[in-house]
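> Build the 3D model from these lines:
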Amino acid sequence: MAIPNGVKVGVAVAALAGAGFFVWRNASETDSNDFMLNRMTQFFTCANNHEFHLTAKEVRRISAANDGQMRCPQCSALADERFQCPNCQKLIEPVGHGNIPTACPHCKQKL
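Numbers count the residues shown, from 1 in each chain. Below is the predicted model:
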């Protein structure tokens with residue numbers, strides 16, 4: 001029994017529409033992810049006490065170029081991630097295993 005041409009055309013149109021939807025969705029997610037990666041900021045202090053901040057996209061690029069290590073853009077020393085106090089805007093060293101302290105060591109405000 002032969003399949004009618006109308007059914008074949010309908011299946012082809014549905015397949016193309018589905019493929020187009022997935023290409024469009026993935027393209028828009030990439031743009032959205034790039035937008036977020038450009039807005040997210042990470043803060044660092046290097047071994048020579050230079051403070052700097054980078055977007056998440058820059059962090060990914062720099063750490064990939066340095067075998068996963070973050071290096072200071074000013075002196076190339078190794079750098080560690082820091083938190084920024086929402087009250088005084090100074091950088092805070094993490095405690096324990098990367099946790100935020102309960103109070104800022106600079107302004108003493110509760111975090």
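> so where do the strands sit in this structure?
Counting by DSSP state E, the chain has strands at residues 41-46, 51-55, 79-84, 91-92.
> tell me which strands and helices the last one is in contact with?
Helices and strands in packing contact with strand 91-92 are listed as strand 79-84; criterion 3 or more Cβ pairs under 8 Å, 6 or more residues apart in numbering; DSSP states H and E. To be clear about C-beta, it is placed using only N, CA and C from the backbone, and glycine gets the same treatment.
> give me the low-pLDDT residue ranges for this structure?
By pLDDT under 70, the low-scoring segments of the chain are 1, 19-39.
> and if we set it to 80?
Within the chain, the segments meeting pLDDT under 80 span 1-40.
> Got the domain ranges for it?
Per automatic domain parsing, the domain ranges recorded for the chain read 10-39, 40-92.
> Can you tell me which of those is packed in deepest?
For the domains of the chain, the largest average neighbour count (mean count of other Cβ atoms under 10 Å) is found in domain 40-92, namely a mean of 15.
> what's the first-to-last distance across that one?
In domain 40-92, first residue to last residue: 18 Å (Cα to Cα, to the nearest Å).
> which residues does residue 43 contact?
Residue 43 sits next to 51-53, 81-84, 91 when contact means Cβ atoms under 8 Å, 6 or more residues apart in numbering.
> residues near residue 104, how many?
20 (other Cβ atoms under 10 Å).
> sorry, back to before: let me have the domains of the chain in JSON lines, extended by distance to residue 104.
Output for the domains of the chain, formatted as JSON lines (distance: least, Cβ to Cβ, whole Å):
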{"stretch": "domain 10-39", "distance to residue 104": "24"}
{"stretch": "domain 40-92", "distance to residue 104": "4"}
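> related to what we said a few turns ago, I'd like to know which of the contacts of residue 43 is nearest to residue 100.
Proximity to residue 100 was ranked across these by Cβ to Cβ; first place goes to residue 83, at 5.4 Å.
> rewinding a little: for residue 103, which of the strands of the chain is the nearest?
strand 91-92 (9.5 Å).
> related to what we said a few turns ago, so which of the domains of the chain is nearest residue 105?
domain 40-92 (6.5 Å).
> What residues are bridge-paired with the nearest residue to residue 91 once chain neighbours are set aside?
With Cβ to Cβ, 6 or more residues apart in numbering as the criterion, residue 91 has its nearest non-adjacent residue at 4.0 Å, and that residue is residue 82. For residue 82, the beta-bridge partners are residue 43 (DSSP bridges).
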